[in-house]
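based on what follows, work out the 3D shape:
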Amino acid sequence: MFQTLVEFQRTIYLTLGEQIKLLSVAGDWLAFMAFLPMGVIFGAAHALTPGHSKAVLATYLAGSEAKIGRGLLVSLTLSFTHVTIAVLIAVLSLPLVSIALGSVGRAPLLEDISRGLLGLIGIWMLWRALSHGHYHKHEGEAVGVMAGLIPCPLTLFVMTFAISRGVPGAGILFAFVMMMGVALTLSIVAVLSILFRERLMHFFASQPRRFDTISRTIEGAAGLALAGVALWQITSN
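As a prediction, this is how the structure comes out:
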């Protein structure tokens, strides 16, 4: 399955490269615009591969009190930040290269900041579970932004190639169409995570005391998992 996704992405990426080359030479924007919808499929398939904070999103939503509407907002925020930060890094690469970019397709500084902030969210969730705290309605969006600070490496490649061919606008257009596909996949992850939590809560709804214990246990476990993963990723780099 993973190899199939990789090959599928490679095929679209190579085709995109040819389209950008043709655009840079002939200026045929109509042909490029006709190719753009492939970006949605490309983004959805790309988001299925490891990364993109799917585990962070699922863990957080499984342990929060967010409903489906809020979960979708979190996934959209994550997708937007994930792609936009990569576009900004590419466009502003000259002043940022010595600060953020350590290797092609990565931004180690931003990755560490993202993981550190997510670790703090995890500690907050654990504290809230132990102290009977309440879910804040804007907390989810903050998680989306923090997780999205890790830039999309494929967007960086696309943007860098488009800029090198003198058509940065093509890279930006494709990146944001691709973002729709990423958002689609992450939204499905968000909905499934919330439905799992709600189904579990419904099962224990007739036992209020046990329901409260289970709810706080899930939130505490999710917080501990976020903090643990963040610490492990920071110390292993």
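
pLDDT-wise, which helix or strand of the protein ranks last?
Ranking every helix and strand in the chain by mean pLDDT, DSSP states H and E puts helix 93-96 at the bottom, with a mean of 52.

and Val74, how many neighbours does it have?
Using other C-beta atoms under 10 Å, Val74 is surrounded by 27 other residues. (C-beta placed from N, C-alpha, C; glycine too.)

could you give the average pLDDT over the one helix or strand it maps to?
Here Val74, judged by DSSP states H and E, is contained in helix 68-91. For helix 68-91, mean pLDDT is 88.

give the other helices and strands that the top helix by length along the chain contacts.
In the chain, with assignment by DSSP state H, the single longest helix is helix 168-203. Packing partners of helix 168-203 (3 or more C-beta pairs under 8 Å, 6 or more residues apart in numbering; DSSP states H and E): helix 2-26, helix 38-48, helix 54-63, helix 68-91, helix 153-164, helix 208-236.

distance to Gly144 for the ones you listed - can I get that in TSV?
Below are those laid out as TSV (distance: least, C-beta to C-beta, whole Å):
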stretch	distance to Gly144
helix 2-26	24
helix 38-48	14
helix 54-63	8
helix 68-91	3
helix 153-164	17
helix 208-236	13
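
which stretch among those comes nearest Val189?
Closest to Val189 of the helices and strands packed on helix 168-203, according to C-beta to C-beta: helix 54-63, at 5.2 Å.

packing partners for the closest one?
For helix 54-63, the packing partners by 3+ C-beta pairs under 8 Å, 6+ apart are helix 68-91, helix 108-131, helix 139-148, helix 168-203, helix 208-236.

next, the angle helix 139-148 makes with that helix.
170 degrees (axes from the mean of the first three to the mean of the last three C-alpha atoms, to 10 degrees).

quick check: buried residues in helix 54-63?
Lys54, Val56, Leu57, Ala58, Thr59, Tyr60, Leu61, Ala62, Gly63 (16 or more other C-beta atoms under 10 Å).

got it, and stretch 75-88?
75-87.

as a markdown table, those with distance to Phe161 would be great.
Output for the buried residues of stretch 75-88, formatted as a markdown table (distance: C-beta to C-beta, whole Å):
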| residue | distance to Phe161 |
| --- | --- |
| Ser75 | 27 |
| Leu76 | 26 |
| Thr77 | 27 |
| Leu78 | 25 |
| Ser79 | 21 |
| Phe80 | 22 |
| Thr81 | 22 |
| His82 | 19 |
| Val83 | 16 |
| Thr84 | 18 |
| Ile85 | 18 |
| Ala86 | 13 |
| Val87 | 13 |
